[in-house]
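Asker: turn this into a structure:
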Amino acid sequence: MYMIQGGQSEFPRSAAAVAALYSAGIYKGPEITKGLDYLMQFMPNGGATRHESYYFYGQYYAAQAMWQAGGRDSAAGIRPSATNWLAGSTKTAPGGSGGK
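Answerer: Okay, the predicted model is just below:
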């Protein structure tokens, strides 16, 4: 625990933690397994969840973590993340490209 008072797990923080472990060269272990399981269980699906704190931050790090994990987690995690990002970029930016 890095804080005086512990708090609940949240998707963005957990996604960043798993991505950070991979970046540090830690590819196996109970922290990775539990982190990936948590991400798969609480993967936001867009819609109302887009209003959660740090929604896109969580999606960004979850995509990295799932890509590093490969296998079942990669396919199951990256597709929803990409779909959610694309769904949010329906407006046309100056110059005709998508984005907000």
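Asker: average pLDDT for the helix or strand hosting T33?
Answerer: Element membership for T33 (DSSP states H and E) is helix 30-41. Across helix 30-41, pLDDT averages out at 92.
Asker: would you mind pulling up the elements that that helix packs against?
Answerer: helix 11-23, helix 55-69, helix 71-87 (3 or more C-beta pairs under 8 Å, 6 or more residues apart in numbering; DSSP states H and E). Just so you know, the C-beta spots here come from the backbone N, C-alpha and C atoms, and that holds for glycine as well.
Asker: what's the angle between it and helix 11-23?
Answerer: Note on geometry: by axes from the mean of the first three to the mean of the last three C-alpha atoms, to 10 degrees, helix 30-41 and helix 11-23 are set 140 degrees apart in direction.
Asker: mind checking how far the residue lying closest to A62 once chain neighbours are set aside is from Y27?
Answerer: The shortest distance from A62 to any non-neighbouring residue, by C-beta to C-beta, 6 or more residues apart in numbering, is to A15 (3.9 Å). The gap separating A15 from Y27 is 16 Å, by C-beta to C-beta, to the nearest Å.
Asker: neighbour count for those two, which is higher?
Answerer: The residue with more neighbours, out of A15 and Y27, is A15; 29 against 10, by other C-beta atoms under 10 Å.
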